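Engineer: just a sequence and a predicted model for now, questions to come.
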Amino acid sequence: MKTKDHPKVNHGKQGVLLVNLGTPDSLSLLDIRKYLKEFLSDQRVIELPKIIWQPILRGIILNTRIFKTRSAYKKIWRTETDESPLRYYTRRQAELLKPKIDNPNVIVDWAMRYGNPSIESRLKSLQQQGCESIVVLPLYPQYCAATTATVCDQVFRVLMKMRWQPQVQIVPRYYDHPKYIEMLVSQLERRLERLDHQPQQIVLSYHGVPKQYLDKGDPYHCQCQVTTRLIREQWPYKDIPITTTFQSRFGPKEWLQPYTDKTLEQLPKENCYRIMIATPGFVSDCVETLEEIAMEAVASFKESGGDHCEVVPCANDSPEHIRLIHSLVKPYIIEA
């Protein structure tokens, strides 16, 4: 084939893809059902044989949980941009990262593991724009098979369909990264300075997983504990204790403990009436932080006798979070 007859192929670029969990496209029951079906069909998330789980999912869960899920999303939906906070902040992180990298050959994009924009669509888009190598950052500080691993699974599924695969590098977990810990401690300090009282305790609430995942060797629980320990070591107010809890349990099986909701109900009974709560495992505010914690958990704490429950926002699109993301991907960037 003569050179002039060869199809044009873009090349010479590098991609950076930020990936978070996912979100419904809208508040319609159809979109919420579609999102939940994709999410809860992932066998990394629900480790049951399909022949057992799918009839339960399709026959019961998808016909009942969609109403509760829509109710939760309606409380936190960003009406000004008509999207969920998770979608908004993930896009903002990608937009703010681009000038931080300051490299004309680097294209920054973002995707969701479940929902849109999909990992497949973004990887294909980056390749079509000439990205010969792509750096993928799963936005989960602590590794878990149900989060980080399933992002990797989906990336590799997409690559399996490609004739000409780009080089792909996946940034590993960063639960103990110095800049991550520094950012979390700084967030707590700034929030504390705004208060006219001193909390009696700080609760760090991480997303829970079934205990059997830990028993099977998943490192998530241990990495959460390490994150808390490192925060505690740098925390200057030693008279305010810091504790770890786990939220968002689903189904009848035992999950990682102590449970966040049970802990908040118990604290006032132990004469702890003023607390501050943060969610280190979530880098962007989402339904789990804004509805489950900032609304439901706070209400439960006060109904149990608590007086003050200060919720620390996630890192979101803050300058220090963008600096952290940049430091995570920078070692993989090819200089212009």
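Structural biologist: Cool, the structure landed. Numbering: from 1, shown residues only.
Engineer: how many residues are close by the closest residue to residue 197 other than its chain neighbours?
Structural biologist: Excluding its sequence neighbours, the residue lying closest to residue 197 (C-beta to C-beta, 6 or more residues apart in numbering) is residue 274, at 5.8 Å. C-beta here means a position set from N, CA and C on the backbone, and glycine is covered the same way. For residue 274, the number of neighbouring residues by other C-beta atoms under 10 Å comes to 18.
Engineer: where do the helices sit along the chain?
Structural biologist: 29-40, 50-56, 62-76, 85-101, 119-128, 150-160, 178-194, 211-215, 220-234, 260-266, 287, 298-303, 319-329 (DSSP state H).
Engineer: thinking again about what came up before, the residue nearest to residue 197 reaches residue 203, doesn't it?
Structural biologist: No. The criterion here is C-beta atoms under 8 Å, and residue 274 misses it with residue 203 at 11.5 Å.
Engineer: about what we covered before: redo the helices of the chain as CSV? Include distance to residue 9 and mean neighbour count.
Structural biologist: Listed next are these as CSV, based on distance: least, C-beta to C-beta, whole Å; neighbours: other C-beta atoms under 10 Å:
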stretch, distance to residue 9, mean neighbour count
helix 29-40, 32, 18
helix 50-56, 40, 12
helix 62-76, 42, 15
helix 85-101, 24, 20
helix 119-128, 10, 18
helix 150-160, 18, 16
helix 178-194, 37, 16
helix 211-215, 43, 15
helix 220-234, 41, 18
helix 260-266, 51, 20
helix 287, 42, 20
helix 298-303, 54, 16
helix 319-329, 25, 19
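Engineer: figure out which of those helices is closest to residue 13.
Structural biologist: The closest of the helices of the chain to residue 13 is helix 119-128. By C-beta to C-beta, the value is 7.9 Å.
Engineer: list the helices and strands the closest one packs on?
Structural biologist: Judged by 3 or more C-beta pairs under 8 Å, 6 or more residues apart in numbering; DSSP states H and E, helix 119-128 is in contact with strand 13-23, strand 106-115, strand 131-138, helix 150-160.
Engineer: what pairs with the third one, and is each one parallel or antiparallel?
Structural biologist: Within its sheet, and counting by DSSP bridges, strand 131-138 is paired with strand 13-23 (parallel), strand 167-170 (parallel).
Engineer: from the chain's centroid, how far away is the first one?
Structural biologist: What separates the centre of strand 13-23 from the centre of its chain is 12 Å, taken as C-alpha atoms, centre = their mean, to the nearest Å.
Engineer: that one vs helix 29-40, what angle?
Structural biologist: 110 degrees (axes from the mean of the first three to the mean of the last three C-alpha atoms, to 10 degrees).
Engineer: tell me how far the nearest residue to residue 176 once chain neighbours are set aside lies from residue 184.
Structural biologist: With sequence-adjacent residues excluded and distances taken as C-beta to C-beta, 6+ apart, residue 176 is closest to residue 226, at 5.6 Å. Distance of residue 226 to residue 184, given as C-beta to C-beta, to the nearest Å: 12 Å.
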